[in-house]
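Engineer: Fold the stuff below for me.
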Amino acid sequence: MVMSASAETVRPVIRLRGRSYVAFVFLPVVPIADWLAELDATLAGSPGFFVGKPIVLDLSALDLSPLAITHLIKSIESRNIRVLGLEGVEQGRLSLGMPPLLSGGRHCAVQEIEPEKPQLQQPTSLLLDQPVRSGQSIVFPDGDVTVLGAVSSGAEIVAGGSIHVYGALRGRAMAGINGNAAARIYCQKIEAELVAIDGYYQTAEQIDAALRGRAVQARLEGHSMKIVALN
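Structural biologist: Model prediction:
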């Protein structure tokens with residue numbers, strides 16, 4: 001019996017997998033030139049910080065024409081930052097070649113915690129018993145992160161809760177990324193490139209020189225970050 005070529009053909013199976021990423025959301029405000037200058041100041045303190053990171057551009061605070069939106073996107077991407085998608089703008093204002101309009105993004109704010117959960121319940125936490133080396137990125141949006149060693153320059157820790165480093169913090173630490181303003185950052189020796197809590201940050205140049213090399217904690221007081229010695 002001779003089989004036809006069409007009968008012998010086996011169609012490949014398309015495999016689909018779900019995968020989630022933590023995206024950083026830029027919310028530009030007017031004057032845009034000043035906002036871009038602030039972005040440049042952040043990049044100067046931590047070069048390459050946003051390289052390879054998913055970036056969403058929220059334009060809800062602006063009223064821009066399609067040409068102005070294109071110019072803003074190009075200005076951001078000229079800083080080696082890739083815009084993954086757009087939010088807060090009407091579909092009619094988007095032109096061919098722009099990043100897609102995204103929907104369904106979720107803010108994991110503190111008030112979204114289910115009320116039936118006991119207030120004294122211990123938060124989910126991540127314990128790292130090895131140093132975090134340069135180039136490593138640890139992202140844990142569900143709770144606290146504790147590092148028993150050091151965090152090297154060029155490494156980063158991103159946590160939904162607080163960050164505890166029982167060694168030198170030389171890289172970047174971002175706590176409270178889901179809107180948790182009560183999060184804190186603790187380390188035995190601060191030499192950080194950047195520390196941030198709930199979007200408020202200080203770069204290496206902004207950290208008090210008298211605190212460098214000392215055990216400190218960082219916390220929010222209103223709309224500003226305070227870094228104080230632990231001893």
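
Engineer: for Phe140, what are its contacts?
Structural biologist: Phe140 makes contact with 126, 158-160 under the criterion CB atoms under 8 Å, 6 or more residues apart in numbering. Placement of C-beta: from N, CA and C, glycine included.

Engineer: got a winner among those residues for most neighbours?
Structural biologist: Within these, neighbour counts (other CB atoms under 10 Å) peak at Ala159, which reaches 28 neighbours.

Engineer: Just want the phi and psi numbers for the nearest residue to that residue once chain neighbours are set aside.
Structural biologist: Of all residues not flanking Ala159 in the chain, Val145 sits nearest, at 4.2 Å (CB to CB, 6 or more residues apart in numbering). Per-residue torsions, Val145: phi -120, psi 130 (degrees, to the nearest 10).

Engineer: how close does Ile197 get to Leu57?
Structural biologist: 23 Å (CB to CB, to the nearest Å).

Engineer: What segments of the chain are strands?
Structural biologist: Ranges of strands in the chain, per DSSP state E, are 24-26, 55-58, 83-87, 125-128, 137-140, 144-147, 156-159, 163-169, 172-175, 185-190, 194-197, 200-203, 216-221, 224-229.

Engineer: and Ala210, which of these is closest to it?
Structural biologist: Checking those against Ala210 by CB to CB gives strand 224-229 as the closest, at 8.5 Å.

Engineer: what's the average pLDDT for the closest one?
Structural biologist: The pLDDT scores in strand 224-229 average 93.

Engineer: from the middle of its chain, how far away would that strand be?
Structural biologist: On the basis of CA atoms, centre = their mean, to the nearest Å, strand 224-229 sits 20 Å off its chain's mean C-alpha point.

Engineer: list the helices and strands it packs on?
Structural biologist: Secondary-structure packing of strand 224-229 (3 or more CB pairs under 8 Å, 6 or more residues apart in numbering; DSSP states H and E): strand 194-197, strand 200-203, strand 216-221.

Engineer: among those strands, which is the most enclosed?
Structural biologist: By mean neighbour count, with neighbours taken as mean count of other CB atoms under 10 Å, strand 194-197 ranks first of those at a mean of 24.

Engineer: Send me it as CSV with only the CA atoms.
Structural biologist: What follows is strand 194-197, C-alpha atoms only, in CSV (Å, rounded to 0.1, in the frame of the first residue of the first chain):
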residue,chain,number,x,y,z
LEU,A,194,20.3,53.0,44.0
VAL,A,195,17.7,52.3,46.8
ALA,A,196,14.0,52.8,46.2
ILE,A,197,10.8,52.3,48.1
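
Engineer: which neighbours does it have in its sheet, and in what orientation?
Structural biologist: strand 172-175 (parallel), strand 200-203 (antiparallel) (DSSP bridges).
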